[in-house]
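K.L.:
I would like to see how this sequence folds:
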Amino acid sequence: MRLVGFAAGVCAVVALAGCSTAVDGQPEASGAPLTKEQLFDPCTVSDSVLQAAGADPAKKDDNPFSVPRAEWKGCNWLAGDFFLSFYSTTYTMQKFQENTHLHDFKDVTVGGRAAKQYLIGDLSPAEECGIVFESSQGRITLQANKASSSKSTTDPCAVVTDAAPHFVEIIPK
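P.N.:
Modelled structure (predicted):
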């Protein structure tokens, strides 16, 4: 049942993964794309960060994709009526913005870091929202996905905006 609650958020990741290309080479700092092994590991978030963000460390899913994804690492946690999903990817910011499942991108600043906020899917009102950061270890995205059983009318962008400052300090520059 937990899987159903964040399946739509994973669909956004899978939609990006659907246009995958092989990545070889050195870290992006040298101009070449990262490999999966070089990506930031979002599953290493401390319990204190998760609790401060409103997530339950005991309600962790470290296999949110069900099958391995060559371009992604990620985990998610139950946070009240939402799932907080934290991913790193080899995909560029341009790929994020070209994905038609992601829309309404806007520039935001979180803890002094530039990022882009976006909506996921075509539901109105939106049930999923994300914030993506540039990083030396890939693009790092935090998403709030409304649980399927939730009756909450809370805007998912408010959830991810409230949670993001707790995560931003652990995101590599």
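K.L.:
which parts of this structure are strands?
P.N.:
For the chain, the strands defined by DSSP state E occupy 60-61, 72-79, 82-89, 102-110, 113-120, 128-133, 139-146.
K.L.:
distance to Val159 added to those strands, as TSV?
P.N.:
To be clear about C-beta, it is placed using only N, CA and C from the backbone, and glycine gets the same treatment. Shown next, in TSV, are those (distance: least, C-beta to C-beta, whole Å):
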stretch	distance to Val159
strand 60-61	17
strand 72-79	7
strand 82-89	5
strand 102-110	14
strand 113-120	12
strand 128-133	7
strand 139-146	4
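K.L.:
flag the shaky bits of this protein, pLDDT-wise.
P.N.:
Low-confidence segments of the chain (pLDDT under 70): 1-32.
K.L.:
quick one: the helices in it, in order.
P.N.:
Taking DSSP state H as the test, the helices found in the chain are 2-17, 47-52, 93-98, 156-168.
K.L.:
and of the strands of the chain, who's closest to Cys43?
P.N.:
Closest to Cys43 of those is strand 72-79 (C-beta to C-beta; 4.0 Å).
K.L.:
name the helices or strands packed onto that closest one?
P.N.:
Judged by 3 or more C-beta pairs under 8 Å, 6 or more residues apart in numbering; DSSP states H and E, strand 72-79 is in contact with helix 2-17, strand 60-61, strand 82-89.
K.L.:
what pairs with that strand, and is each one parallel or antiparallel?
P.N.:
Strand 72-79 has its sheet partners listed here by DSSP bridges as strand 60-61 (antiparallel), strand 82-89 (antiparallel).
K.L.:
now the angle between helix 156-168 and that strand, please.
P.N.:
110 degrees (axes from the mean of the first three to the mean of the last three C-alpha atoms, to 10 degrees).
K.L.:
and the angle for strand 72-79 with strand 139-146?
P.N.:
Using the same axes, to 10 degrees: strand 72-79 against strand 139-146 is 30 degrees.
K.L.:
can you give me how far strand 72-79 is from the chain middle?
P.N.:
How far strand 72-79 lies from its chain's middle: 8 Å, per C-alpha atoms, centre = their mean, to the nearest Å.
K.L.:
for Pro42, which non-adjacent residue is spatially closest?
P.N.:
The shortest distance from Pro42 to any non-neighbouring residue, by C-beta to C-beta, 6 or more residues apart in numbering, is to Phe86 (3.9 Å).
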